[in-house]
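>>> Sequence and computational prediction follow.
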Amino acid sequence: MSVLAVAGVTKRFGPNAVLKNVSLALGAGEVRAICGENGAGKSTLVKIMTGLYAPDEGAVSVDGKALTIESPQHAQQLGIALVAQELSLPPALSVLDNIWLGNREVPLFHRRAALRRRARATLDKLGLADLALDTPVSALSIGRRQLVEIARMLTREARVFILDEPTATLSDVEIERIFAALRTLKAEGKSVIYITHRLGEVFDICDTVSVLRNGELIGTRPTSEIDRGTLMQMMLGRSMSEMYPRWEDKSDGAMLRVKRLRVPPLVHDFDLVAARGTVTCLAGQIGSGAITVLRALAGLIAGATGEVSVQGTPMRLRSVTKAQAVNVQFISEDRAGEGLFLRLNAGQNLIATKLREHCRFGILLRGKLRSVAAGLAAAVGVDRTRLRSPADELSGGNQQKLAFGRWIGSDRPGVLLMNEPTRGVDVGARAEIYRLIRQFCDQGYCIVMASSDIEEVLGMADVVVSMYRGRQVARYRRGEVDMQRLLADITHPVAAA
């Protein structure tokens with residue numbers, strides 16, 4: 001008997017059907033991946049399972065009994081828990097208070113010692129025996145906050161855990177902690193629905209995978225019976241070989257030179273030469289220094305020292321203004337915090353860096369700006385009909401295109417620094433992002449990007465620079481390094497020697 005199932009579920013918004021006759025069933029102790037591009041229907045399906053939406057057709061059943069999940073609170077009573085990508089832990093509260101916050105079983109007058117004992121036992125089970133209950137959540141890493149969220153749901157007797165992109169911003173060590181916690185849940189007979197864009201994780205942790213495409217269920221398969229190429233074919237309707245653009249060597253002289261870059265205590269004597277028309281990937285895990293190098297080159301780190309020149313012109317570190325003056329632009333992985341104005345529309349985001357160029361006597365030339373926004377939208381593949389849509393309503397892929405579009409269009413192609421350019425972007429949109437990056441190279445830009453995705457690095461880089469604990473381990477031209485060698489470099493460089 002399935003713990004949770006949907007049968008023939010259809011959901012419409014106006015004339016558009018976002019789910020079409022979807023059926024799937026989750027067994028006890030099963031870890032099920034749900035994969036699909038943005039817009040495939042994953043979020044809508046989860047909202048139906050957790051009581052946020054009611055299906056227009058079809059039925060939801062729990063323990064074989066058809067019922068209507070009336071609200072998220074009802075879903076929790078049924079043992080269905082959502083651990084969303086945007087965590088719901090108030091950072092000012094302690095771990096203990098967060099675990100019990102909102103739990104209706106806790107009476108107004110209660111024994112706090114009993115709550116501490118239960119919370120302690122739950123955290124120990126999830127590998128957090130060293131975490132003090134009185135620690136404020138604000139002091140925890142994102143990975144540990146994820147585990148505290150899972151602990152909260154365990155105290156509510158959850159039987160089905162729905163995790164939405166749980167590892168999108170985590171280091172490899174934190175990801176393994178999440179995996180260990182999920183294995184513990186599975187061993188206890190708990191069930192997990194795991195939504196991710198990282199296909200490797202599907203095979204690392206999941207028993208089965210269901211694929212949605214354009215609101216339809218393409219199929220459900222045991223992960224032991226398929227490979228990554230087959231999964232991608234199911235998701236996209238095309239092969240994995242089409243993910244990365246065809247490569248041609250179009251390097252055209254050094255554009256960026258970096259000597260003895262230091263950012264104590266993270267980066268030590270880092271050197272780099274990057275050519276016009278190429279993609280240089282800094283490959284490393286979180287803490288390797290790759291991200292710090294990019295932020296230092298963008299002028300975002302006050303303590304950075306070293307010699308940097310762009311097309312022979314010296315660039316002063318520690319100043320965003322000085323970096324932009326020589327056409328060095330930074331595209332952050334944190335689109336919400338650093339990349340976009342989420343409450344402004346897509347068009348306004350595209351022209352946010354162009355205002356000074358299109359005003360007269362302090363008055364914005366709005367007609368010209370609309371024309372510029374339309375041109376940039378076309379250049380980065382954003383549908384012009386979405387220019388008036390708020391940025392926070394767009395998919396991760398389209399948000400990243402806005403971030404790209406903001407910094408192109410100059411008469412002088414320069415250096416684009418990209419940190420994790422496809423983080424939180426689905427597989428289909430990744431192919432478009434990769435195409436855009438190659439297009440920028442063709443236009444004369446020099447791309448320097450940091451990525452912890454080894455497959456992405458090998459698929460996109462003209463030059464790979466591996467990093468470990470703030471130092472360069474090795475430098476490779478395209479085709480000189482494979483996945484095993486690069487993984488050895490960024491995890492334990494002695495093993496690669």
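All right, it came through fine. Residues are numbered from 1 along each chain as shown.

>>> how much space between the spatially most central residue of the chain and G397?
Nearest residue to the geometric centre of the chain (Cα atoms, centre = their mean): G424, 2.5 Å. Shown here: G424 relative to G397, a distance of 9 Å by Cβ to Cβ, to the nearest Å. Where C-beta positions appear, they are placed from N, C-alpha and C, glycine not excepted.

>>> Could you tell me what pLDDT the model assigned to the residue nearest to the centre of the chain?
Here, the pLDDT recorded for G424 equals 71.

>>> gap between it and G396?
In this structure, G424 and G396 are separated by 4 Å, where distance is defined by Cβ to Cβ.

>>> Spit out the contact partners of the nearest residue to S251 once chain neighbours are set aside.
With sequence-adjacent residues excluded and distances taken as Cβ to Cβ, 6 or more residues apart in numbering, S251 is closest to A275, at 4.1 Å. Contacts here follow Cβ atoms under 8 Å, 6 or more residues apart in numbering; on that basis A275 touches S251, D252, G253, A254, M255, C446, D462, V463.

>>> Is the fourth one in contact with L272, as I believe?
No - under the criterion of Cβ atoms under 8 Å, A254 makes no contact with L272, lying 9.9 Å away.

>>> Please work out the average pLDDT along the helix or strand hosting T280.
If you go by DSSP states H and E, T280 is part of strand 279-283. Averaging pLDDT along strand 279-283 gives 96.

>>> Just the residues contacting it, thanks.
272, 274, 290, 293-294, 437-438, 441, 446-452, 454, 456-457, 460-467, 486, 489-490.

>>> Could you spell out the sheet neighbours of it, each with its direction?
strand 446-451 (parallel), strand 463-468 (parallel) (DSSP bridges).

>>> Can you tell me what sits against the helix or strand just after the last one?
Note on strand 463-468: by DSSP H and E, the next helix or strand toward the C-terminus is strand 471-477. By Cβ under 8 Å, 6+ apart, the list of residues contacting strand 471-477 from outside reads 267-271, 289, 462-467, 481, 486, 489-490, 493, 496.

>>> related to what we said a few turns ago, ok, now which ones touch the residue nearest to the centre of the chain?
Applying Cβ under 8 Å, 6+ apart, we find G424 in contact with Q85, E165, A168, H197, R335, G396.

>>> and it, what element?
Applying DSSP H and E as the criterion places G424 outside every helix and strand.

>>> From Q85, how far off is it?
Remark: distance between G424 and Q85 (Cβ to Cβ) = 8 Å.

>>> Next: G409.
31 Å.

>>> any chance of the strands paired with strand 279-283 in CSV, plus mean neighbour count and mean pLDDT?
As requested, those are arranged in CSV below (neighbours: other Cβ atoms under 10 Å; pLDDT from 0 to 100):
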stretch, mean neighbour count, mean pLDDT
strand 446-451, 26, 95
strand 463-468, 24, 95
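
>>> closest one to S71 among these?
Checking these against S71 by Cβ to Cβ gives strand 446-451 as the closest, at 40.3 Å.

>>> what about the closest one, distance to the chain center?
Between the centre of strand 446-451 and the centre of its host chain there is 17 Å, according to Cα atoms, centre = their mean, to the nearest Å.

>>> Check stretch 64-74 too.
Here stretch 64-74 is found 30 Å from its chain centre; the criterion is Cα atoms, centre = their mean.

>>> quick one: terminal-to-terminal distance for it?
17 Å (Cα to Cα, to the nearest Å).

>>> Now it: average pLDDT?
Over the span of stretch 64-74, the pLDDT mean works out to 93.

>>> Distance check, the nearest residue to R316 once chain neighbours are set aside against A461.
Nearest-residue entry for R316: K322, 4.4 Å, with adjacent residues in sequence omitted and distances by Cβ to Cβ, 6+ apart. Here the distance between K322 and A461 works out to 27 Å (Cβ to Cβ).
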